[in-house]
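Asks: got a predicted model here, sequence first, then my questions.
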Amino acid sequence: MGMIFMFVTLYFLRFNINALIIFGIWFTVLTLPVIYLHIEYYIANRKQEIAIKDDELTVITQNGNTYKFKFTELSKVILYKSASLDKGGIQFTPIESYHYARIITKSEKQIIVTCLMTPKLEEVVNELKGVQKIRKKRLFCTLLWK
């Protein structure tokens, strides 16, 4: 929708060079962080599968190793998510739709699940019954910041 708005505005401004520069800078500022997050999430979760059945979490890693964790072996789940993704929230930037969960086992192993694996990540996190859930609100949910 933003692209359509930009092109319509530029059309009415007859593609003025100053308007092109301003919209180009604005587009770059909004797009580069999204590209960064998308690549970061893709690298973290490529060829990874996670399944939740009954009271067990199964993780198949990139190199084909399979790990199974009972819910009792899980310490906590930290969900990093923008406040705008809550009910009634309005997203102002594209980066606000990127979110992830960090599942931490009692042995301190960390499992990262990003919104690229499932767009309804909060629903998946809520399936982990009996596990402490922590919500951290962030505008820019990079995997580097805990």
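Replies: That came through fine.
Asks: ok, the residue positioned nearest the centre of the chain to residue 140 distance?
Replies: Ranked by distance to the mean C-alpha position of the chain (Cα atoms, centre = their mean), the top residue is residue 99 at 2.4 Å. With the distance defined as Cβ to Cβ, to the nearest Å, residue 99 ends up 11 Å from residue 140. In this view, the C-beta of every residue, glycine as well, is placed from N, C-alpha and C.
Asks: kindly report the same for residue 68.
Replies: Using Cβ to Cβ, one gets 33 Å for the distance from residue 68 to residue 140.
Asks: more crowded one of the two?
Replies: When residue 68 is set against residue 140 and neighbours are counted by other Cβ atoms under 10 Å, the residue ahead is residue 140, at 14 against 11.
Asks: go ahead and confirm the more buried one touches residue 93.
Replies: No. Here residue 140 does not reach residue 93: they are 9.1 Å apart, not a contact under Cβ atoms under 8 Å.
Asks: figure out how far the lengthiest helix in the chain is from the centre of its chain.
Replies: Taking residue count as the measure and DSSP state H as the definition, the longest helix of the chain comes out as helix 17-45. For helix 17-45, the distance between its averaged C-alpha position and the chain's averaged C-alpha position is 16 Å (Cα atoms, centre = their mean, to the nearest Å).
Asks: tell me what that helix is packed against?
Replies: With contacts taken as 3 or more Cβ pairs under 8 Å, 6 or more residues apart in numbering; DSSP states H and E, helix 17-45 sits against helix 2-12, strand 110-114.
Asks: report the longest strand in the protein, please.
Replies: The longest strand of the chain (DSSP state E) is strand 74-81.
Asks: and it, what's its mean pLDDT?
Replies: pLDDT averaged over strand 74-81 equals 95, rounded to a whole number.
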